[in-house]
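1. sequence and predicted model, in that order:
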Amino acid sequence: MRAPNQRFSGTRGFTLIDMVATIAIIGTLLAISVPQLIDVVDGYRLGMATRVVERELQFAKLKAVSAESPMRVRFNCPVARQVRVVELIGTSAVPNANDADNYTDRCKETIYPYKATGSDTSRLTKPNNDGPVRYLDSSVTITTSKTIEFWPDGTAHIDTNAGNPWPAAGNPGVTITLTRKGKTKNIVVNGLGKIQMDR
């Protein structure tokens with residue numbers, strides 16, 4: 001039979017030196033990986049914002065073709081980091097004066113969908129295809145101020161202050177740049193309506 005003071009002599013455990021060494025290794029690994037993790041999160045948020053803008057452009061193009069009505073994509077509408085697709089009132093050659101007058105109203109979230117005014121407010125009265133306001137991450141900025149207009153044939157047009165109808169976006173087209181913490185991604189829309197996004 002063993003003596004009572006020898007009962008724990010065979011037990012194993014960690015010493016204080018083992019625990020301090022383990023904590024030091026974990027701390028070193030965290031110090032190395034945290035900046036890279038922050039870069040991954042920044043890239044992810046910028047990519048998400050870029051995809052939101054690209055989807056809105058695709059939606060406007062597809063809605064213009066399917067509804068046979070010009071659609072406009074408005075950036076920073078009415079304030080920074082907001083994007084909205086709105087249906088053009090009137091035609092590309094002769095837009096309705098209300099389209100310009102209600103520019104800021106049609107960008108507000110509280111007026112969604114924008115209701116047509118006048119005696120005939122049926123589904124045949126424009127606009128019926130306005131999209132909701134899309135909000136981008138608060139740290140993302142859009143550096144284009146040009147409104148892009150998609151026509152029913154799928155082509156893209158921009159305002160060059162030369163009057164109506166707006167000319168085609170041309171080649172290489174309009175570049176929309178999104179920036180977050182020094183990183184940028186571009187979306188290019190050419191005159192044929194092709195939308196190309198940085199990967």
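-> Yes, it's here. Keep in mind that this is a model prediction, so the values were computed, not measured.

2. what residue ranges in this structure score low on pLDDT?
-> Flagging of the chain using pLDDT under 70 yields the residue ranges 1-11, 97-106, 108-126, 145.

3. who does the longest helix anywhere in it touch, helix- and strand-wise?
-> The longest helix of the chain (DSSP state H) is helix 16-67. For helix 16-67, the elements it packs on are strand 71-75, strand 82-87, strand 134-135, strand 148-150, strand 174-180, strand 183-189, strand 195-197, judged by 3 or more C-beta pairs under 8 Å, 6 or more residues apart in numbering; DSSP states H and E. In short, each C-beta sits where N, CA and C put it, glycine included.

4. could I get these in a markdown table, plus columns for mean neighbour count and distance to Arg12?
-> Below are these laid out as a markdown table (neighbours: other C-beta atoms under 10 Å; distance: least, C-beta to C-beta, whole Å):
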| stretch | mean neighbour count | distance to Arg12 |
| --- | --- | --- |
| strand 71-75 | 23 | 66 |
| strand 82-87 | 24 | 63 |
| strand 134-135 | 16 | 57 |
| strand 148-150 | 27 | 70 |
| strand 174-180 | 19 | 51 |
| strand 183-189 | 18 | 51 |
| strand 195-197 | 18 | 58 |
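
5. nearest to Thr50, of these?
-> Closest approach to Thr50 among those (C-beta to C-beta): strand 183-189, 4.4 Å.

6. for stretch 181-199, measure first residue to last.
-> 17 Å (C-alpha to C-alpha, to the nearest Å).

7. try stretch 142-160
-> The straight-line separation of the ends of stretch 142-160 (C-alpha to C-alpha) is 19 Å.

8. ok, now stretch 154-163?
-> 20 Å.

9. and that stretch, what's buried?
-> Going by neighbour count (16 or more other C-beta atoms under 10 Å), the buried part of stretch 154-163 is 155-158.

10. a markdown table for these, including secondary structure and distance to Ala31?
-> A markdown table is the format used below for those (DSSP: H, G, I helix; E, B strand; the rest coil; distance: C-beta to C-beta, whole Å):
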| residue | secondary structure | distance to Ala31 |
| --- | --- | --- |
| Thr155 | coil | 53 |
| Ala156 | strand | 48 |
| His157 | strand | 52 |
| Ile158 | strand | 48 |
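
11. and of those, the nearest to Met19?
-> Taking C-beta to C-beta as the measure, Met19 lies nearest Ala156 of the buried residues of stretch 154-163, at 63.3 Å.

12. the closest one contacts Glu149, correct?
-> Yes - if you go by C-beta atoms under 8 Å, Ala156 and Glu149 touch, sitting 7.2 Å apart.

13. so which of the helices and strands packed on helix 16-67 comes closest to Phe59?
-> Evaluated with C-beta to C-beta, the helices and strands packed on helix 16-67 place strand 82-87 nearest to Phe59, the distance being 5.8 Å.
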